[in-house]
Structures are given as structure tokens and as C-alpha cells.
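# sequence-free structure coming up:
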């Protein structure tokens, strides 16, 4: 059931090639770096080095893994790049010029199949991702944490959300699960929030210009932490806060939201709004 695993964008695997590979000096450096990658334990020279070399030649390539036993000939990025030998256990990664399409999530996974997919995703990132040390990410500890969480997972929806959160541990805006979308949290219609000087303000409607002080008794920073598992990863805390502030009013559908606001003249008021499905971030 490895084919149930979701696609990962090639940027997750290519790392350094996100920079300007048109610069020959950097390109030579990155190429040398990737030449050493296949020596990593668990890496396959027939797959990793080919995928990385293609990524340097065309950084907007996509690496497909575990979604199909063989690529169509038309989708191969270059005719001279042969598809790696297929493993008896699972397919090997290969590069294409276009994003993969037509893939659907497999449902009714057993606990064993969920663990196999989680281990496979963790291992692919472990072998190919370049920036663990730069970002001070203890990837082995991430594995232990998510394996413990796996014991509490009971539904496919919860499992795929957990896989999304695993990739988010990279804190990388260029890494995501390609054919999975986090469920949209219902929001308050016609009320938009933006960040100014690190603080959230209403920017639409009759309360435009008012500072948001709390949501259902939670300070903005407390509410933002509750939203973190449902938002795409950000490469910096500042970027996360900007995205989270826009969703401060989001939550359960139909639920009343009690919001404390401060007017430009300094006085405070509490208003109650209602979330509706179809309005969300």
C-alpha cells in the first residue's frame, strides 16, 4: 500500500537548487554537493543523483515518489535520464517537468499501512533534505514523536493531516504534500485581519482600524498556536504570525466568536460574530 503515500514537491528534495543556479559558481558548488548525496546511507545512486542533477538543470522539476510504478515516457524530463531500476518493494523517485495530476488519497488504511507510509515519508526526507542542521531540526526526534502520535490516529482524515504536519516540521514554504489540502476552517465573513507592527487589526467593515485583543478569551498569540497544525509551514516565525493573524477568527462552523477589540481612541468593546462555512482561509 505504499502507493497511498502523497506526492512531495521536488523543492523538498532539491534544497540548494532553490537558489540561482544560473550562477555557474554556485551551480558548480551545488553539483559537487549533490554528487556526494548518493553516499548517504539508504540513498540509491540510480535515483537520488539523477533526480538532483535534473533539479540543478531545471529547478522547477518535480520529484515523484511512491505514486506510480512507471512514468509515462512523455513525462520524463530528459530522454537521456533513464528511470531508475524499480525496487521489488516500491518504485524509485523520478523527475518530471510538470506537477503530477490525477492522484487520489487511498482510504481505509490499516494501522500497519499507515506506519509503513509514515516511515517511508520520513525516510525519503531524511535521505534527501539538505537543511536539517541549518534549521536545527532533530529529524530523528521528529520520527519518534510522530510514531507515538500514530498510535492515537483512528481515521484517514487524521492520518493525512498528521502527514501534512510532519512535512511542516521542515519549516519550509517550498515543501508540501502535493495532492492534500488541509480542511478549510470556517471564518467570520466580511471581517479581515492584518498585522501592523506585530499586532492584529481589523481592516474591513465598521470596525476597521480596531485592534484585536482576544478571541473567545484567548490572546492572539495563544489563538495562533492553536492554528499552527492547520496552516502551511513558514520559513520564519514572522511569516507564520502574519498568516495566522489572518485566521484568528477561524474555527468550528456556526460557532459564536466573542472578540475583544480596542478602538483607535483607546476604548475597548466586546463583540460577538458568527463563523460560517464557505468563508475561510
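It's in. Quantities reported herein were computed from a predicted structural model and do not represent experimental measurements.
# CA only for contacts and neighbour counts going forward, please
Will do.
# Strands of the stretch 101-250 of the chain, residue ranges please.
186-188, 193-196, 199-202, 211-215 (DSSP state E, counting those that start in this stretch).
# Can you say which of those is nearest to residue 125?
strand 186-188 (32.1 Å; Cα to Cα).
# Redo the strands of the stretch 101-250 of the chain as TSV? Include distance to residue 120.
TSV is the format used below for those (distance: least, Cα to Cα, whole Å):
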stretch	distance to residue 120
strand 186-188	33
strand 193-196	39
strand 199-202	40
strand 211-215	39
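# Residue 150: neighbour count?
Using other Cα atoms under 10 Å, residue 150 has 18 neighbouring residues.
# Surely it touches residue 117?
No - look at residue 150 against residue 117 with Cα atoms under 8 Å: they stay out of range, at 11.1 Å.
# ranking the strands of the stretch 101-250 of the chain by burial, who's on top?
For those, average neighbour numbers computed from mean count of other Cα atoms under 10 Å are highest in strand 186-188, which has a mean of 25.
# Any regions of the chain where pLDDT drops low?
Residue ranges of the chain with pLDDT under 70: 1-101, 278-281.
# which stretches of it form helices?
For the chain, the helices defined by DSSP state H occupy 10-14, 24-36, 48-57, 111-128, 139-150, 156-168, 220-227, 237-245.
# which strands and helices sit next to the fifth one?
Taking 3 or more Cα pairs under 8 Å, 6 or more residues apart in numbering; DSSP states H and E as contact, the helices and strands that helix 139-150 lies on are helix 111-128, helix 156-168.
# now, of those, which is deepest in the fold?
helix 156-168 (a mean of 19).
# Need the contact partners of it.
107-109, 114, 118, 142, 146, 150, 153, 175-177, 180, 182, 229-230, 232-233 (Cα atoms under 8 Å, 6 or more residues apart in numbering).
# tell me the angle the longest strand along the chain makes with strand 211-215.
Secondary structure assigned by DSSP state E gives strand 268-280 as the longest strand of the chain. For strand 268-280 against strand 211-215, the angle by axes from the mean of the first three to the mean of the last three Cα atoms, to 10 degrees is 80 degrees.
# quick one: buried residues of strand 268-280?
273-276, 280 (16 or more other Cα atoms under 10 Å).
# In this structure residue 205 contacts residue 188, no?
No - using Cα under 8 Å, residue 205 makes no contact with residue 188, being 11.7 Å away.
# Give the intersection of the neighbour lists for those two.
If you check residue 205 and residue 188 against Cα under 8 Å, 6+ apart, no residue is contacted by both.
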